[in-house]
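In: With the input below, show me the fold.
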Amino acid sequence: MGKNTVFIGKQAHAGAAPWDGINALNMASLAMSAMAYQRETFREADTVRVHQIINKGGDIVNAVPADVHLETTVRAGNLKALKETNEKINRCIEGAVIALGGEAVVTDMPGQMPLKADPNMAEIFKQNALSFYEEEEILPCLTSTASFDIGDLSLFMPVLHGITSGIEGGLHSKDYRIVDEEDAYITPIKIMTCTLIDLLYDGAGEARRVKESFKPVMRKEEYLNYLLETEQTHHYGTK
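Out: Have a look, this model is predicted:
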């Protein structure tokens, strides 16, 4: 889920009278330190990730920062861990506010749901990939810590997010680039086409088998209620 936090302090001259101010940047820094101390409480099986950036750190260096904006993303492999982690992160923010005497307004927004790849579809995809790659070149269906828009769909229907090769460099980094166009563009289309043929062949028998063995994570009504409950605003400190 996404979190936008505005830390509200009190501006003062940073050189002449810093004691007259309430440092919102220090509140943000303290909150991030508290979040870091939470890491040992995250279970490895829950694949929890918390990361932040400061979008605004103040107005001018000569004044105690009174308006600081922190953007945070909370990720987890299941909804229970996601909710529990978000509560911990909010406690960190509230604790920093109490320690320094300022305020914080936290806006929580639902993000993309954890992706639950369908193992039956993954096996069909793998068997077709074996026509183009050696067994040792194919990774098993992994639990991903990244976010996918089809994660929401995976709650209700069997889905698969296939990942192929032909690239190098870190994801979301400036050194990410295509190094093998055949592997990156052509071979994935061939594997996907073969997978579709297997699913639809002979009256779509394989597709029906995949659907019948699938167990939804939640109902549509539960999903909509979760979205509504997640979108909240929290106010910590003096109103």
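
In: C-alpha only now, for contacts and for neighbours.
Out: Noted.

In: Name the SS class of residue 147, please.
Out: Each residue gets one of three states, and residue 147 gets coil by DSSP: H, G, I helix; E, B strand; the rest coil.

In: those helices in this protein, which residues are they?
Out: 24-37, 79-100, 119-129, 181, 187-213, 220-230 (DSSP state H).

In: tell me the most buried of those helices?
Out: helix 24-37 (a mean of 20; mean count of other Cα atoms under 10 Å).

In: Mean pLDDT for the helices of the chain - can I get that in JSON lines?
Out: Below are those laid out as JSON lines (pLDDT from 0 to 100):
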{"stretch": "helix 24-37", "mean pLDDT": "98"}
{"stretch": "helix 79-100", "mean pLDDT": "96"}
{"stretch": "helix 119-129", "mean pLDDT": "94"}
{"stretch": "helix 181", "mean pLDDT": "94"}
{"stretch": "helix 187-213", "mean pLDDT": "96"}
{"stretch": "helix 220-230", "mean pLDDT": "90"}
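
In: looking at the ones you listed, which is closest to residue 52?
Out: Closest approach to residue 52 among the helices of the chain (Cα to Cα): helix 24-37, 8.0 Å.

In: Which residue is the nearest non-sequential neighbour of the residue nearest the centre of the chain?
Out: With distances taken as Cα atoms, centre = their mean, the chain has residue 75 as the residue nearest its mean C-alpha position (4.0 Å). Nearest residue to residue 75, sequence neighbours excluded (Cα to Cα, 6 or more residues apart in numbering): residue 49, at 5.0 Å.

In: Might one say that the one you found is in contact with residue 78?
Out: No: Residue 49 is beyond contact range of residue 78, at 11.9 Å (criterion: Cα atoms under 8 Å).

In: before we move on, back to that, with distance to residue 161 added, can I get the helices of the chain in JSON lines?
Out: Below are the helices of the chain laid out as JSON lines (distance: least, Cα to Cα, whole Å):
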{"stretch": "helix 24-37", "distance to residue 161": "31"}
{"stretch": "helix 79-100", "distance to residue 161": "20"}
{"stretch": "helix 119-129", "distance to residue 161": "9"}
{"stretch": "helix 181", "distance to residue 161": "20"}
{"stretch": "helix 187-213", "distance to residue 161": "11"}
{"stretch": "helix 220-230", "distance to residue 161": "21"}
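
In: rewinding a little: you'd agree the residue nearest to the centre of the chain is up against residue 42?
Out: No: the pair residue 75 / residue 42 is not scored as a contact, 11.2 Å apart, by Cα under 8 Å.

In: Show me whatever sits in contact with both of those two.
Out: residue 48 (Cα atoms under 8 Å, 6 or more residues apart in numbering).

In: now stretch 124-143: how far from the chain's centre is it?
Out: Chain-centre distance of stretch 124-143: 26 Å, with Cα atoms, centre = their mean, to the nearest Å.

In: Show me the domain layout of this structure.
Out: Split into domains by automatic domain parsing, the chain comes to 2-112+220-237, 119-213.

In: Return the residues in contact with the closest residue to residue 235 other than its chain neighbours.
Out: In space, residue 235 comes closest to residue 105 once its chain neighbours are excluded; the distance is 4.6 Å by Cα to Cα, 6+ apart. Shown in contact with residue 105 (Cα under 8 Å, 6+ apart): 5-7, 233-236.

In: switch the cut-off to 10 Å
Out: 4-8, 69, 93-94, 233-237 (Cα atoms under 10 Å, 6 or more residues apart in numbering).

In: Is it possible to get TSV of those residues that adds distance to residue 155?
Out: Putting the contacts of residue 105 into TSV (distance: Cα to Cα, whole Å) gives the following:
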residue	distance to residue 155
4	26
5	29
6	33
7	35
8	38
69	33
93	31
94	32
233	26
234	28
235	32
236	34
237	37
